[in-house]
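> Got a sequence here, can you model it:
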Amino acid sequence: MSSASTPTPGRGPLRRLGLLAAAAVAVVATVLVTAGATGDAHPPGLPGSPVRVVGIGDSVTAGTACNCTDFVRLYARGLTSRSTPATASNLGVGGMTASGLLDAIRRPGAIRDGVSRADVLLVTIGANDLMPELQRWATGGCPQACWAPQVSRVGDTVAEVVRTARALRGEPAERVLVTGYWNVFDDGDEAAAARGTAYLAWSDALSRALNAALCDAARRSGATCVDVYSPFKGDGTRNPTPLLASDGDHPNAAGHRLIASALLAASGR
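As a prediction, this is how the structure comes out:
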């Protein structure tokens, strides 16, 4: 647990290794989740084949600190249980930023390849782009005028992430779901003890602003915005600790189930 004066790193312990190192050790898990799937399942891309769900983003997507079934696989299992057989590929990378994700989609590699095959694309990104603002807050403060420009830049970058991803697939029926955050940094009892109530109020305002920018980016780029703030925190007064891992930063198993449920509801499933 970090002290109140020392900011914790961005989402996922791999950030200390740097983004390239994190990407190098990230495990890309493709899981067939069709109920009772056998070798005679339809190959991807053919009529009647399983829906290909791909998750991209930061350590929230990757399932860091949870040791549980991540929301990408839970979402695909939810589709399957509702008579839409699905597979899941989790391409989340701890420490990933929106700008780093855009670069990864533009360059040859596992993320670009996975995105180009997605029937449903789940996107959770943007928190790590705001780490400099957390550092400024911890060393002297960072009011709205400090963080607003970066929040706007993140929104524009995420809109471009979605446009680039949709162009790769070239399929009008592809669904892109962009989530927000309950908090872009740590939250709940852990954050209150480590940083104090002033931090909770500051990070909540910043998180709400980022969520608004992400929803605007989704609308501008033809994606669906998925609210996870309300399921975690209601009107902002609910303590999200029961949904968080011990680090106070990442969702636990219950949190991942809640994110998957929000995604399924937003996609009409």
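> Low-confidence regions, the protein specifically.
The chain contains residues with pLDDT under 70 at 1-48, 269.
> where along it do the strands fall?
Ranges of strands in the chain, per DSSP state E, are 29-32, 51-57, 86-90, 120-124, 175-179, 224-226.
> Name the surrounding residues that touch the second one.
Yep, that's strand 51-57 we're talking about. Contacting residues not belonging to strand 51-57 are listed as 44, 61, 70-72, 75-76, 79, 84-93, 96, 101, 105, 111, 114-115, 117-125, 165 [CB atoms under 8 Å, 6 or more residues apart in numbering]. Every residue, glycine included, has its C-beta placed from N, CA and C.
> so which of the strands of the chain comes closest to Ala260?
The closest of the strands of the chain to Ala260 is strand 120-124. By CB to CB, the value is 9.5 Å.
> between the closest one and strand 175-179, how many degrees?
Per axes from the mean of the first three to the mean of the last three CA atoms, to 10 degrees, the angle that strand 120-124 makes with strand 175-179 is 20 degrees.
> what sits up against strand 120-124?
Applying CB under 8 Å, 6+ apart, the contact partners of strand 120-124 are 51-58, 60-61, 71-72, 75, 79, 86, 92, 115, 158, 161-162, 165, 169, 174-179, 181, 223, 263, 267.
> roughly how far apart are the residue nearest the centre of the chain and Gln135?
Most central in the chain under CA atoms, centre = their mean is Thr124, positioned 2.2 Å from the mean C-alpha point. Going from Thr124 to Gln135 by CB to CB, to the nearest Å gives 22 Å.
> and if you look at Val93?
From Val93 to Gln135 the distance is 21 Å (CB to CB).
> Correct me if wrong: Phe185 contacts Ser203.
Yes: assessed by CB atoms under 8 Å, Phe185 is found in contact with Ser203 at 5.2 Å.
> Which one of those two is surrounded by more residues?
Taking other CB atoms under 10 Å, Phe185 and Ser203 do not tie; Phe185 has more neighbours (26 against 21).
> show me what contacts the more buried one?
Listed by CB under 8 Å, 6+ apart, the contact partners of Phe185 are Thr8, Ala127, Leu130, Leu134, Ala191, Ser203, Ser207, Asp249.
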